[in-house]
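Undergrad: Task: produce atomic coordinates for the following.
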Amino acid sequence: MGQVTSRRGFLRASAAMGAGVLGAPFVLSAEARKEKVKMAVVGAGGQGGAGMGTASGQQLVAVCDVDLKRIAKGLDEAKKRNADLKVFTDYRKLFDEVKGLEAVWVATPDHSHFPASIRALEAGAGVYCEKPLTHNIWEARKLREVAAAKKLATQMGNQGHSSETIRLICEYIWAGVLGDVTKLHCVSNRSFGASKRPPSKPVPEGLDWQSWLGPAPYRDYHDGLHSFGWRGWLDFGTGSLGDMACHTIDGGVWALKLDEAATVEVVAEEGGVTAEGFTGHARIVYRFPARGQMPPVEMTWWNGGGKHLPPRPECLEADRRQLGEGTYYYGTKGMMESGSHCGGTRLIPETFQKANKKPEAVIPRVPGHSGDWLRAIRDSSAPAPSSNFGYSARLTEIVLLGTVALRCAKEKLVYDMKEGKFTNSEKANRFVKREPRKGWEFGYGA
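TA: Modelled structure (predicted):
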């Protein structure tokens with residue numbers, strides 16, 4: 001073995017010895033914290049700026065973005081720190097040419113999350129992928145399967161999952177403070193949607209349009225897509241649900257073990273789709289059966305703002321604003337709320353909060369969301385990142401059941417989590433997976 005490999009083995013052993021008692025935060029050795037990871041960023045603009053920031057402290061060897069003109073300033077700074085940096089507009093070429101990657105940050109639009117992430121996993125690299133993890137259900141299940149088989153460090157970009165406040169959600173519920181939680185109301189004021197396709201336009205200078213489209217069906221360039229408006233379009237985004245639910249329902253899914261449900265019933269009671277995209281509002285009801293000792297749960301998703309809000313809780317103080325982003329947890333003993341990204345966790349009303357002490361901390365705390373991922377890449381004996389694909393792919397799968405329900409117009413769907421298919425609707429099963437465009441088939445085999 002080479003010197004780097006031997007040194008890593010030493011670091012892993014040292015870090016394991018310093019891990020402390022079971023349940024305590026994992027602590028890397030000082031030397032391990034200094035070790036730089038060989039990293040690539042796919043999608044460096046917009047949300048990808050967070051990836052570039054994380055990579056600035058690592059050995060950044062490759063950057064891919066479909067619009068190099070748009071990221072020129074950040075790219076110039078990255079080149080100053082990394083003289084041999086390779087730059088691409090097509091991530092297929094990046095993975096063909098750059099070998100030995102240890103970590104890849106994926107921050108493309110939703111439709112390219114899977115094909116970029118699966119290439120990184122197959123190349124042996126750990127992956128951080130923005131939410132939602134994938135554009136369709138089959139892709140989420142496939143990433144979960146491959147990541148587990150390769151035992152690589154993975155993390156989805158639902159940053160609230162690494163917070164103190166989401167741990168409080170779990171710990172309040174697990175301590176029995178709320179009693180049995182049987183109902184959730186989750187809300188977002190986002191209203192991404194699309195209706196009629198605008199006229200075609202020339203591709204802007206500097207934009208690699210074929211690479212932007214990736215596996216999606218070909219269309220001419222038009223307004224409302226690059227660089228941000230793509231979320232409402234069926235071919236590229238997953239609507240307001242895909243944008244925010246991985247943040248908003250995360251606390252409920254984790255605390256109530258909804259990802260362990262054998263089946264899920266889902267129906268879109270309001271909202272739907274046009275020929276091209278999602279409507280700007282939705283009300284989607286999910287029903288989960290009992291999981292072990294936990295009772296059945298009904299979770300309702302609301303988005304669109306305005307009149308598209310859940311009922312105001314009767315126990316909410318008159319001077320408290322109703323949530324525009326977040327979740328209400330209804331228990332047999334009392335209520336709790338959390339905001340966007342599962343922040344601002346508190347029992348309601350304030351008298352209930354004051355009557356209950358802070359629960360015992362039973363979930364290990366982590367060194368930030370990207371830090372949680374990087375330490376697992378540096379050291380295989382470290383705990384798996386808390387939103388690894390084993391968990392976050394299930395969370396994404398639950399979210400995407402809602403996008404299928406929106407395409408099935410008030411049809412009550414029953415989904416088998418083990419088999420990955422709907423048991424009562426062939427129409428719904430047509431939306432579980434889609435075939436990629438020619439040239440972008442990598443990873444889409446059975």
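
Undergrad: I'd say Ile173 and Trp254 touch.
TA: No. In this structure, Ile173 is not within contact of Trp254 by C-beta atoms under 8 Å, at 9.4 Å. Placement of C-beta: from N, CA and C, glycine included.

Undergrad: Show me the domain layout of this structure.
TA: Using automatic domain parsing, the domains assigned to the chain come out as 3-161+366-391, 164-195+207-364+394-429.

Undergrad: a markdown table for the ones you listed, including mean pLDDT and mean neighbour count?
TA: A markdown table is the format used below for these (pLDDT from 0 to 100; neighbours: other C-beta atoms under 10 Å):
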| stretch | mean pLDDT | mean neighbour count |
| --- | --- | --- |
| domain 3-161+366-391 | 86 | 20 |
| domain 164-195+207-364+394-429 | 97 | 19 |
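
Undergrad: and the residue nearest the centre of the chain, what does it touch?
TA: By C-alpha atoms, centre = their mean, the chain has its centre lying nearest to Lys131, at 2.8 Å. Taking C-beta atoms under 8 Å, 6 or more residues apart in numbering, we find Lys131 in contact with Met156, Gly157, Asn158, Gly242, Cys246, His247, Ser392, Thr396.

Undergrad: Kindly report the same for Ala123.
TA: Going by C-beta under 8 Å, 6+ apart, Ala123 touches Phe95, Lys99, Leu101, Val104.

Undergrad: Now that Leu256 has come up, it's in contact with Trp174, right?
TA: No. Taking C-beta under 8 Å as the definition, Leu256 is not a contact partner of Trp174, at 9.8 Å.

Undergrad: What is the one helix or strand Met336 maps to packed up against?
TA: Using DSSP states H and E, Met336 maps to strand 335-338. If you count contacts as 3 or more C-beta pairs under 8 Å, 6 or more residues apart in numbering; DSSP states H and E, strand 335-338 packs onto helix 164-174, strand 326-331, strand 346-348.

Undergrad: Export those to TSV and append columns for distance to Glu122.
TA: As requested, the helices and strands packed on strand 335-338 are arranged in TSV below (distance: least, C-beta to C-beta, whole Å):
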stretch	distance to Glu122
helix 164-174	31
strand 326-331	36
strand 346-348	44
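
Undergrad: for the stretch 201-350 of the chain, what spans make up the strands?
TA: Taking DSSP state E, counting those that start in this stretch as the test, the strands found in the stretch 201-350 of the chain are 263-270, 282-288, 297-303, 326-331, 335-338, 346-348.

Undergrad: now those as JSON lines including distance to Lys357?
TA: Converted to JSON lines, the strands of the stretch 201-350 of the chain look like this (distance: least, C-beta to C-beta, whole Å):
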{"stretch": "strand 263-270", "distance to Lys357": "35"}
{"stretch": "strand 282-288", "distance to Lys357": "29"}
{"stretch": "strand 297-303", "distance to Lys357": "26"}
{"stretch": "strand 326-331", "distance to Lys357": "17"}
{"stretch": "strand 335-338", "distance to Lys357": "14"}
{"stretch": "strand 346-348", "distance to Lys357": "11"}
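
Undergrad: Compare those strands and report which one is nearest to Ala428.
TA: Nearest to Ala428 among the strands of the stretch 201-350 of the chain is strand 263-270; the distance by C-beta to C-beta comes to 9.2 Å.

Undergrad: could you dump the contacts of Lys131 to TSV with distance to Thr274?
TA: TSV is the format used below for those (distance: C-beta to C-beta, whole Å):
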residue	distance to Thr274
Met156	28
Gly157	28
Asn158	28
Gly242	16
Cys246	24
His247	25
Ser392	29
Thr396	24
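
Undergrad: ok so, going back, I'd like the domains of the chain written out as a markdown table, with distance to Pro436 added.
TA: Converted to a markdown table, the domains of the chain look like this (distance: least, C-beta to C-beta, whole Å):
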| stretch | distance to Pro436 |
| --- | --- |
| domain 3-161+366-391 | 7 |
| domain 164-195+207-364+394-429 | 4 |
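
Undergrad: Which secondary structure state is assigned to the residue nearest to the centre of the chain?
TA: With DSSP: H, G, I helix; E, B strand; the rest coil as the basis, Lys131 sits in coil.

Undergrad: Next up, the contacts around the closest residue to it other than its chain neighbours.
TA: Residue nearest to Lys131 in three dimensions, not counting chain neighbours: Cys246, with 3.8 Å by C-beta to C-beta, 6 or more residues apart in numbering. Each residue near Cys246 by C-beta under 8 Å, 6+ apart is listed here: Lys131, Pro132, Leu133, Met156, Asn158, Ser392, Leu395, Thr396, Val399.

Undergrad: try it again with 6 Å
TA: The neighbours of Cys246, taking C-beta atoms under 6 Å, 6 or more residues apart in numbering as the test, are Lys131, Pro132, Asn158, Leu395, Val399.

Undergrad: Arg437 now?
TA: Here Arg437 is in contact with Pro215 (C-beta under 6 Å, 6+ apart).

Undergrad: Surely it forms part of a helix?
TA: No. Read with three-state DSSP, Arg437 is coil and lies in no helix.
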